[in-house]
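>>> Provide a 3D model corresponding to the input given below.
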Amino acid sequence: MPGPNPNLLYGRNAVAEALRGRRAARRLWVAEGVKPDLRLDAAIATAAASGAAIERPPRLVLDHLTGGANHQGVVLEASAYSYATLDDIVATPGTILVLDHLKDPQNFGTLLRAAEAAGVAGAIIPQDRSVSVTPAVVNASAGAVELLTVCQTPNLARALDLLKDAGWWVVGLDAGPDAQDLFAADLPSPIALVVGAEGDGIGPNVRRRCDLIVSLPMRGRIASLNAATAGAIALFEVLRRERVAPESIG
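Next up, the predicted model:
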């Protein structure tokens, strides 16, 4: 796990995307003896152009800085992650990803990477009892979270009410007798897709805000997929609908 400084980002992809994002770069450490490549060279050039200090310490220094994380010989000290407001989210048209108290950084980061790849307008997460944008999450997303608009809200249910008032349909990805097959359901647009926590699913207060509950058809012997995999499939199904027949969901 990373060290106590939440603004130390590590890993080549995570650092490269952070340098393209909204954070200010302060210091870049590149371990002695690290094999260069075009992406690393570009990251060093970008950091230097921004005025960040460039240092080349022994790899053990980076191990200490990151608490033994897999830093790939690259660590960036940057400004704090800048969360968006709900107004920022509402002002951007398109699909919104809503995460109901995910706690696993790997799931969170993987799902945010899928969301960025699918072109979502933004993501909303709770402030409490939920993973936030940490260095581990940035690394798990391969830096994609640095390019996303992410909002932290103190009340997820009220945030969904605001989205509904602004014209979004709230679609929950969850199991249950009321769930429709995702691939057969008539999906409205625009969608705020709610993905629940690992194991617990969508909480009852949030579920009551959902206009539609959908689930993935499970044909094999396993009963479910993890939140990141299921959420990624759902996001790309929404994207497929938009690309193939936008007039049918507009």
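>>> could you list the domains of the chain?
8-78, 86-249 (automatic domain parsing).
>>> for the last one, the distance to its chain's centre please.
Same thing as domain 86-249. Averaging C-alpha positions (Cα atoms, centre = their mean, to the nearest Å) puts domain 86-249 10 Å from its chain's average.
>>> now do the helices in the chain.
Applying DSSP state H to the chain gives helices spanning 12-20, 38-49, 59-66, 86-90, 105-118, 135-140, 156-165, 204-207, 227-244, 246-249.
>>> pick the most deeply packed of those helices.
helix 135-140 (a mean of 26; mean count of other Cβ atoms under 10 Å). Backbone N, C-alpha and C define where each C-beta goes, glycine included.
>>> mind saving the C-alpha coords of it as CSV?
Extracted as CSV, the C-alpha positions of helix 135-140 are listed here (Å, rounded to 0.1, in the frame of the first residue of the first chain):
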residue,chain,number,x,y,z
PRO,A,135,-3.0,6.6,-5.3
ALA,A,136,-4.0,2.9,-5.3
VAL,A,137,-7.1,3.8,-7.2
VAL,A,138,-5.2,5.9,-9.7
ASN,A,139,-2.8,3.1,-10.3
ALA,A,140,-5.7,0.5,-10.7
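>>> what is that helix packed up against?
Contact analysis of helix 135-140 by 3 or more Cβ pairs under 8 Å, 6 or more residues apart in numbering; DSSP states H and E lists strand 8-10, helix 12-20, helix 105-118 as its packing neighbours.
>>> what is the neighbour count of Ala175?
Applying other Cβ atoms under 10 Å, we find 17 other residues in the vicinity of Ala175.
>>> cool, Asp178 as well?
Number of residues near Asp178 (other Cβ under 10 Å) recorded here: 12.
>>> now swap in Asn226 and tell me
Using other Cβ under 10 Å, Asn226 has 15 neighbouring residues.
>>> picking that back up, between the helices and strands packed on helix 135-140, which gets nearest to Ile124?
In terms of Cβ to Cβ, the element of the helices and strands packed on helix 135-140 nearest to Ile124 is helix 105-118, at 11.1 Å.
>>> give me the contacts around the closest one.
With Cβ atoms under 8 Å, 6 or more residues apart in numbering as the test, helix 105-118 has contacts from 95, 97, 99, 102, 123, 131, 134, 136-142, 144-145, 147-148, 150, 195, 198, 226-228, 231-232, 235-236, 238-239.
>>> what angle do it and helix 227-244 make?
10 degrees (axes from the mean of the first three to the mean of the last three Cα atoms, to 10 degrees).
>>> mean confidence for helix 105-118?
Mean per-residue pLDDT for helix 105-118: 93.
>>> many thanks, I have nothing further to ask.
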